[in-house]
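Engineer: No letters, just coordinates:
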């Protein structure tokens, strides 16, 4: 192979590797899909809030229901969902 082709292939490989690294940062999140609503049928067993990190560039809220189901809530809708969660938790705690 000629040296020009080798240089072109090397530049293409470097460009591809650089592009792959930039896409990788901040996209390793737990939540692929998020809900805008809270499912009160199962009740809340646990709720974890994960802050944004270098691995995932967004805040994630993972809810575990009493039936073992897990889903993610949209943090932007938390103001609307939180009263429902607190109401549901106070009902289940008193029974």
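Structural biologist: Structure's in. What do you need? Everything numeric in this text was worked out from a predicted model, so none of it was measured. Numbering: from 1, shown residues only.
Engineer: Do I have it right that residue 34 meets residue 78?
Structural biologist: No. Using CB atoms under 8 Å, residue 34 is not in contact with residue 78, being 10.9 Å away. No exception for glycine: its C-beta is placed from N, CA and C like everyone else's.
Engineer: Of the two, which one has the most company?
Structural biologist: residue 34 (17 against 14; other CB atoms under 10 Å).
Engineer: what separates the more buried one from residue 13, distance-wise?
Structural biologist: Noted for residue 34: a distance of 36 Å to residue 13, by CB to CB, to the nearest Å.
Engineer: How about residue 36?
Structural biologist: Using CB to CB, we find residue 36 at a distance of 43 Å from residue 13.
Engineer: Tell me where this structure has strands.
Structural biologist: Taking DSSP state E to define them, one finds strands in the chain at 44-50, 60-65, 70-73.
Engineer: what angle do the second one and strand 44-50 make?
Structural biologist: Interaxial angle of strand 60-65 relative to strand 44-50 (axes from the mean of the first three to the mean of the last three CA atoms, to 10 degrees): 170 degrees.
Engineer: avg pLDDT for strand 60-65?
Structural biologist: Over the span of strand 60-65, the pLDDT mean works out to 89.
Engineer: tell me which residues in it are buried?
Structural biologist: Buried residues in strand 60-65, counting neighbours by 16 or more other CB atoms under 10 Å, are found at 60, 61, 62, 63, 65.
Engineer: so can I have JSON lines of these showing distance to residue 54?
Structural biologist: Formatted as JSON lines, the buried residues of strand 60-65 follow (distance: CB to CB, whole Å):
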{"residue": "60", "distance to residue 54": "14"}
{"residue": "61", "distance to residue 54": "19"}
{"residue": "62", "distance to residue 54": "19"}
{"residue": "63", "distance to residue 54": "24"}
{"residue": "65", "distance to residue 54": "30"}
